[in-house]
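> Sequence first, predicted coordinates after that:
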Amino acid sequence: MKSNLYKLVVVLALSTSSVLITSCGESANTNQTETAQATYACPMDCENGKTYSDEGICPVCEMDLKEVEQ
């Protein structure tokens, strides 16, 4: 009887710890996906919607590129 009780306690402890470990890993991954890459475009739309990954100036009209809202 004590042997069965001991086995039950061990199984419950392992199950609980595996659930806790798995749930901790999921919350860490969601934070990484929330980070978005900013894109920039000419405010005059000289290049018909072309976007850039870095700030700078438009090669056509030489205006500062503005961040595009996502």
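Everything's here; your move.
> and Y40, what are its bridge partners?
Y52, E67 (DSSP bridges).
> Per-residue pLDDT of it, please?
Note for Y40: predicted pLDDT of 95.
> Check S18 too.
67.
> quick one: contacts for K7?
By CB atoms under 8 Å, 6 or more residues apart in numbering, the contact set of K7 is empty. All C-beta atoms are positioned from the backbone trio N, CA, C, and that covers glycine.
> doesn't it fall inside a helix?
Yes: assignment of K7 by DSSP: H, G, I helix; E, B strand; the rest coil places it within a helix.
> for stretch 52-70, the distance to its chain's centre please.
25 Å (CA atoms, centre = their mean, to the nearest Å).
> List the contacts of that stretch.
Under CB under 8 Å, 6+ apart, the answer for stretch 52-70 is A36, Q37, A38, T39, Y40, A41, C42, P43, M44, C46, E47, T51.
> Domain map for this structure?
In the domain annotation for the chain, the residue ranges read 1-35, 36-70 (automatic domain parsing).
> Go through these and find the least confident stretch.
domain 1-35 (a mean of 68).
> Now do the helices for this structure: every range, in order, please.
2-33 (DSSP state H).
> most packed of the domains of the chain?
Mean neighbour count (mean count of other CB atoms under 10 Å) peaks for domain 36-70 among these, with a mean of 12.
> Between the two ends of that domain, what distance do you get?
Terminal residues of domain 36-70 are spaced 9 Å apart (CA to CA, to the nearest Å).
> can you give me how far that domain is from the chain middle?
The answer for domain 36-70 is 24 Å, by CA atoms, centre = their mean.
> what's the spacing between V68 and M1?
Using CB to CB, to the nearest Å, V68 is found at 69 Å from M1.
> for G56, same thing?
76 Å.
> Over to Q70?
Taken as CB to CB, the span from Q70 to M1 is 62 Å.
> Next: G49.
74 Å.
> before we move on, back to that, would you turn the contacts of stretch 52-70 into a markdown table with distance to K7?
As requested, the contacts of stretch 52-70 are exported to a markdown table (distance: CB to CB, whole Å):
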| residue | distance to K7 |
| --- | --- |
| A36 | 49 |
| Q37 | 51 |
| A38 | 55 |
| T39 | 57 |
| Y40 | 62 |
| A41 | 64 |
| C42 | 69 |
| P43 | 69 |
| M44 | 73 |
| C46 | 73 |
| E47 | 69 |
| T51 | 61 |
